[in-house]
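In: the following block contains a protein sequence and its predicted model.
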Amino acid sequence: MDHDESDELRRAIAGDDDALKALLGRHGPGVWAEINSDIGATWRSSIDADDVMQVTYLEAFLTIDRLTARDGTGFKAWLRRIAQNNLRDAIKELGRQKRPNPAKRVQATAGQESYVTLVERLGRTTATPSRHVARDEAARVIETMLDRLPQDYARVIRLYDLQGQEISEVAAEMGRTPGAVHMLRARAHDRLRSLIGAETNFFTHAS
């Protein structure tokens, strides 16, 4: 790695969007090629490498400040991990769509019940709800946090989790493939869970 790229990486981590764009332009195509080869024939009608990289680039902009790598090799490995996680989540959810389990679906319910259900779902992966979540409070907190999410993240949560639309309907409304919707939803849940956990007492984490 030359000195210029090292400096570019430091600037990107410090918040220089142009530096990050340059790094993505340099290393992104290689990651795209690797991801493209990992998508099996079963899923190519529902997801492609462009889907994966669009969400991966968005996550790169959102999380670059946490990157600890200090060279181009480390940056590319970091970008590859994000892309692989996105592809894994898309394939996992597309598989579930083929064999739906109603117990794992966040059902749209009347009024504010869907907000409570969403909070409970977000808590299940790393924590449990610390108390009975009041409907009004859940709705207020979710709406506040949605305003802090990237537009596509907030939109997929509203359409799928809160309004209860099917993935095919959400994909059509957002102009994306079903695989892209699943990736956006997984990353939206990650970010929403982090925001809620940091600013509320809804979740009690195991010690």
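Out: Yep, that arrived.

In: quote the end-to-end distance of stretch 160-171.
Out: Using C-alpha to C-alpha, to the nearest Å, one end of stretch 160-171 lies 10 Å from the other.

In: pull out the buried residues from it.
Out: Under the neighbour-count criterion of 16 or more other C-beta atoms under 10 Å, stretch 160-171 has 160-162, 165, 167, 170-171 buried. Bear in mind the C-beta positions are built from the backbone N, C-alpha and C, glycine included.

In: for those, give me JSON lines that also has distance to Val141, pLDDT and secondary structure.
Out: Below are the buried residues of stretch 160-171 laid out as JSON lines (distance: C-beta to C-beta, whole Å; pLDDT from 0 to 100; DSSP: H, G, I helix; E, B strand; the rest coil):
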{"residue": "Tyr160", "distance to Val141": "19", "pLDDT": "94", "secondary structure": "helix"}
{"residue": "Asp161", "distance to Val141": "14", "pLDDT": "92", "secondary structure": "helix"}
{"residue": "Leu162", "distance to Val141": "13", "pLDDT": "92", "secondary structure": "helix"}
{"residue": "Gln165", "distance to Val141": "22", "pLDDT": "93", "secondary structure": "coil"}
{"residue": "Ile167", "distance to Val141": "25", "pLDDT": "92", "secondary structure": "helix"}
{"residue": "Val170", "distance to Val141": "23", "pLDDT": "96", "secondary structure": "helix"}
{"residue": "Ala171", "distance to Val141": "28", "pLDDT": "95", "secondary structure": "helix"}
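
In: a markdown table please, covering the residues you listed and showing distance to Pro150.
Out: Below are the buried residues of stretch 160-171 laid out as a markdown table (distance: C-beta to C-beta, whole Å):
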| residue | distance to Pro150 |
| --- | --- |
| Tyr160 | 16 |
| Asp161 | 16 |
| Leu162 | 17 |
| Gln165 | 19 |
| Ile167 | 19 |
| Val170 | 16 |
| Ala171 | 18 |
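
In: which pair in those spans the largest distance?
Out: Spanning the widest gap among the buried residues of stretch 160-171 are Leu162 and Ala171, at 16.7 Å by C-beta to C-beta.

In: so where's this structure shaky on pLDDT?
Out: 1-4, 99-112, 124-135, 198-207 (pLDDT under 70).

In: and the strands in this protein?
Out: Secondary structure of the chain by DSSP state E: the strands cover 127-129, 203-205.

In: middle-most residue in the protein, spatially?
Out: What sits nearest the mean C-alpha location of the chain, by C-alpha atoms, centre = their mean, is Arg187, with 1.1 Å.

In: from what I can see it touches Thr56, true?
Out: No - Arg187 is beyond contact range of Thr56, at 9.4 Å (criterion: C-beta atoms under 8 Å).

In: need the overlap of contacts for the two.
Out: Common neighbours of Arg187 and Thr56, counting by C-beta atoms under 8 Å, 6 or more residues apart in numbering, are Asn86.
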